[in-house]
Structures are given as C-alpha cells and as structure tokens.
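In: Build me a structure from this.
(one chain, ligands or ions: 2)
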Amino acid sequence: MKPEDLKKRILSRQLTPDLEGQEAIVCGWVSHTRDLGGIRFIVIRDKYGEIQVTLPKGKVNEELFNLADKLGMEWVVAVKGVVKNEKRAPQGAEIIPEEIEILNRAISQLPLDPTGRISADLDTRLNARIMDLRRPQTQAIFKINHHLLRFIREYLIKEDFIEINTPKIIATATEGGTELFPLAYFEKEAFLAQSPQLYKEQLSSVFERVFEIAPIWRAEMHNTTRHLNELIMVDIEMAYGNMYDVMEVLENMIKYAFEGTSRECQKELKILNQKIEVPKTPFPRYTYDEVLKMLENKMEISWGEDIGTEACKILGELLNGFYFIIEWPSTSKPFYIKIKEDDPRVSESFDLNFDWLEICSGGTRVHDKEKLISRLSEQGLNPSSFKFHLQTFDYGMPPHAGFGLGLARLLMIITGMSNIRECVLFPRDRTRLTP
Ligand code: 4AD
Ligand code: MG
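Out: Ligands and ions are numbered 1, 2, ... in the order given. Here you go, the predicted model:
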C-alpha cells in the first residue's frame, strides 16, 4: 500500500453492510487473532471500535493466510480488502483481505492486557498509561471528558463569557501562602499558579465576563482519592454580579453540560455502565449554620471550623446530588471574598458539593481597595506583595463575583469513578511524577 492509501482508510463505524462488495482500506491495532482451522480471523481495533478481517483458507492467498497467525497483539496494520456482509461481525460487515501491511510491531510481553479481560491495579495501569488507554473503558472516560469540556465552553460562550489565558508562572500567592510550588526563575523566586484568581478578577474589569479552563498546581500533602497536585480548573469571573448570579451560571452550566454529554456519549456511558442524571435547577441551598445544625449530634464542629472530610461523608448521607453550602465564616475563606454587610461573621461565599464531594468554590469579591488591603492584613498577608493586583483597583473596578470548579471531580461524578486518578490522563500526585 502507498502512503496515500492510508488516507483513504475508513473507520470501524463506517464499515457497514451497505458497502458490500466494495474495496475498503482499514487501519488499526491487532486486538486478537483466532484460528478455526479452515478460517482465520484478525480482529483489529481503531478509535471507534473493532473490525473483523476474515481469511477463509483457499479464498485468500496462502501467504496472507499464514500471516494471520504471526501477528502479535497491538501490532499496527493496514488492511485492503473487499467488504462482505456478516451478521456476526461488529457493525454487520467484515473484510476479506487482499493485502495486509504491517505498519509497526509491538513487544510480545505487553505490560497490560489491552482488552481489559485480565485486570490490573491502578498503579500498574498508570505506569503504562498509553497501553491502559487502549482499553475501551479508559478511553470512554476521556471521550466523555472531551464532550463535557465542549459543552461547558459552549454554555459559557453562549452566555457571553470570553475565554482568557492567564500566566501560570506567578510572583505571589493567591489562595493564601500555603500549597505553592516554588520555581527557580532566573535570579528570582517564582511559583506555579494555584489559581487564575487575581488575573480573572482584573480582567473582569475589562471584558466583564471571562472564563479560563487551564491547569493549576497545588502542593497538597494529601494523597487521597480526590486530591491531585496538578489539575484543570474551570474558572469564571463576572462584573456587576454577586454570588447568587454566579451560582445560577454554575447550576445552568452543569445542567447544560450534563444534557449535552448524556446525548453525545451514550456509547461511552454504556461501556462504563453509567447513566447521567441531568440535575434539576435551582440546586438546593443550605447555609453553613444550617449544615452545622444537620450535623449536630453526629459530629462536633465548632463554629468557624471547616467542614472536613468526615463531616462531608456524613452530610453526603443526608443530602444527595448537587447542593450549595453558602455563607461560610469570614475567617474560613480567602482574602478576596466579600464579608456580608449585615452579618460580618459570615462571607458572601459558596461551595458546591455532590453527595460528599466538593466540586466548586466561589463567591462575591471585595471590589473596594481599602477593604481588600485590610482583608489581606487580617489574613496575615503582606499587602505590598500584592502591589500589582491592588493598583488595578485604582482604575475603576466594578463589583464582581466568580467560581473555580475542579474538572476532574465533575468527571468523577459523570463516569462513576471513585478515584480522581482515573479521570486525568497523566495524574500528578505526591508520589507520581511519571509517566
Ligand atoms: O476551592 P478552591 O481552592 O477555590 C479556588 O481556587 C478559588 N480561586 C475559586 C474561586 O473562584 N473563588 O478550588 C476550586 C475547586 C475545588 O472545589 C475542587 O473541586 C478543585 O478545585 N480542587 C481540587 N481538585 C483536586 N485536587 C486538588 N488538590 C484540588 N484543589 C482544588
Ligand atoms: Mg474550596
């Protein structure tokens, strides 16, 4: 076959009975071969599914017939042949080959069984992630991720948000001093961004509605099934809005993305044995005080404390699906969150949870420069380190609000995965830096 021939290839999902009698070229990885004596099968796999190549003895030339026996798993082949209807084949059609070209070989001792029939633990799978991604189940997760992202973007663009890209090498902290990865930046010290927080706020004073979908880094010591050190965050910021406006964008965005993903990913969801339940809006809202009351007698939390993992697990038994926890204690939220005017104990902030898992945090921001400076000082941060951020508040800063959502956690919910590492192509955790 000539290189141009490969471009003429059809994909597995295009190999249908209406092509009966026509010549076709297909490419893929050898999934397995079967030898029934008088007939041999080569099953190859491409990104959409499987293709059956059938070699009846005497009907295909002998050299080809013998080749079928020599192919190894995951070898890459191109097959030219004639399409024939066959009810038992995937898509109802098979190929009787005239030519088989080996484009590349794979080693015989593969680290994983790509059909997934022999199971392997997550660490072994992650060590050979590219092999692991050949499994339909793993692939399904990332095809769903693709559509989830696509519908999130589509919704925000529809709502007049503009996509921005902010620096990922930064000079100062945004979420408080901890959890920052330091970086040697020539003669200076720099950090990996832990959030686009300050830049998105500044840009809301220009574009009014902005969003960013980008990686951020957190030097989290936790090595849990829901924490990673590198993650994709979906951030929005909008001018002339408060926390309630942002919560509305968030719940409608999730609803829209769940509807779209459910529509587009029927096949992938079936592979994972999942059904997407499109949530009803508005999502229930509980204040921090109400949540503490719900947990009374079950868990001792003194007012002002965070609602930790243990408490969230108990809460997840009482509340199902998506729900907001609003008005967190002022001391528990970052400096940029606005304090409630008529009740300074609490802030104009929210978390969005699903069952027991936190998916998103957000709130109304402080847009008054003097108030922002006192919030920084109260939280033990040095306002002079925020000079460049603070000066943008001199140029006419509108009231604004926003949120940050952990994409992998949302994907965990849709795909039913219990470990966040399943939902990131190449996860970075406390011990994993490769592949
Ligand atoms: O709650 P966080 O820290 O909020 C912010 O970053 C704010 N700047 C958001 C805002 O606009 N006010 O992070 C937001 C979300 C969390 O709810 C969680 O889903 C995810 O990001 N997240 C993590 N996911 C996995 N591993 C980690 N280490 C995470 N840290 C945060
Ligand atoms: Mg949070």
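In: Count the neighbours of the closest residue to ligand 1 within the stretch 1-150 of the chain for me.
Out: Closest to ligand 1 within the stretch 1-150 of the chain is residue 148: 14.0 Å, counting by CB to the nearest ligand atom. (Glycine included, C-beta is placed from N, CA and C.) Applying other CB atoms under 10 Å, we find 24 other residues in the vicinity of residue 148.
In: isn't there a helix covering it?
Out: Yes - under DSSP: H, G, I helix; E, B strand; the rest coil, residue 148 falls within a helix.
In: Assess the claim that it and residue 413 are in contact.
Out: No - in this structure, residue 148 is not within contact of residue 413 by CB atoms under 8 Å, at 10.1 Å.
In: hang on, the earlier thing: dump the residue contacts of the residue of the stretch 1-150 of the chain closest to ligand 1.
Out: 257, 261, 407, 410, 411, 414 (CB atoms under 8 Å, 6 or more residues apart in numbering).
In: quick one: it and residue 230, what's the gap?
Out: Distance, residue 148 to residue 230, by CB to CB, to the nearest Å: 18 Å.
In: Check the secondary structure at residue 34 for me.
Out: Residue 34 is classified as strand under three-state DSSP.
In: For it, which non-adjacent residue is spatially closest?
Out: residue 41 (4.4 Å; CB to CB, 6 or more residues apart in numbering).
In: and that neighbour, what does it touch?
Out: 33, 34, 52, 53, 54, 55, 68.
In: With neighbour count, pLDDT and secondary structure added, can I get these in JSON lines?
Out: Converted to JSON lines, the contacts of residue 41 look like this (neighbours: other CB atoms under 10 Å; pLDDT from 0 to 100; DSSP: H, G, I helix; E, B strand; the rest coil):
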{"residue": "33", "neighbour count": "19", "pLDDT": "95", "secondary structure": "strand"}
{"residue": "34", "neighbour count": "12", "pLDDT": "95", "secondary structure": "strand"}
{"residue": "52", "neighbour count": "21", "pLDDT": "98", "secondary structure": "strand"}
{"residue": "53", "neighbour count": "26", "pLDDT": "98", "secondary structure": "strand"}
{"residue": "54", "neighbour count": "22", "pLDDT": "98", "secondary structure": "strand"}
{"residue": "55", "neighbour count": "25", "pLDDT": "98", "secondary structure": "strand"}
{"residue": "68", "neighbour count": "21", "pLDDT": "94", "secondary structure": "helix"}
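In: For those residues, could you give me CSV that also reports distance to residue 396?
Out: Shown next, in CSV, are the contacts of residue 41 (distance: CB to CB, whole Å):
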residue, distance to residue 396
33, 70
34, 72
52, 66
53, 67
54, 72
55, 74
68, 73
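In: List just the nearest of the residues you listed to residue 292.
Out: When the contacts of residue 41 are ranked by distance to residue 292 (CB to CB), residue 52 comes first, at 60.6 Å.
In: what bridges to that closest one?
Out: Beta-bridge pairing for residue 52 (DSSP bridges): residue 43, residue 94.
In: so what's it up against?
Out: Going by CB under 8 Å, 6+ apart, residue 52 touches 41, 42, 43, 86, 89, 90, 94, 95.
In: Make sure the third one is actually in contact with residue 33.
Out: Yes - the pair formed by residue 43 and residue 33 meets the contact definition of CB under 8 Å, at 7.3 Å.
In: Distance of the residue of the stretch 1-150 of the chain closest to ligand 1 relative to residue 414?
Out: On the measure of CB to CB, residue 148 and residue 414 end up 7 Å apart.
In: what do those two both touch?
Out: Common contact partners of residue 148 and residue 414 (CB under 8 Å, 6+ apart): residue 261.
In: Tell me where the stretch 201-350 of the chain has helices.
Out: 243-264, 266-271, 288-295, 309-318 (DSSP state H, counting those that start in this stretch).
In: Could I get the buried residue list for the longest one?
Out: This points to helix 243-264. Of the residues in helix 243-264, 243, 246-247, 249-251, 253-258, 260-262, 264 count as buried by neighbour count, 16 or more other CB atoms under 10 Å.
In: And the shortest one, by the same measure?
Out: Taking 16+ other CB under 10 Å as the basis for neighbour counts, the residues of helix 266-271 that come out buried are 268, 269, 271.
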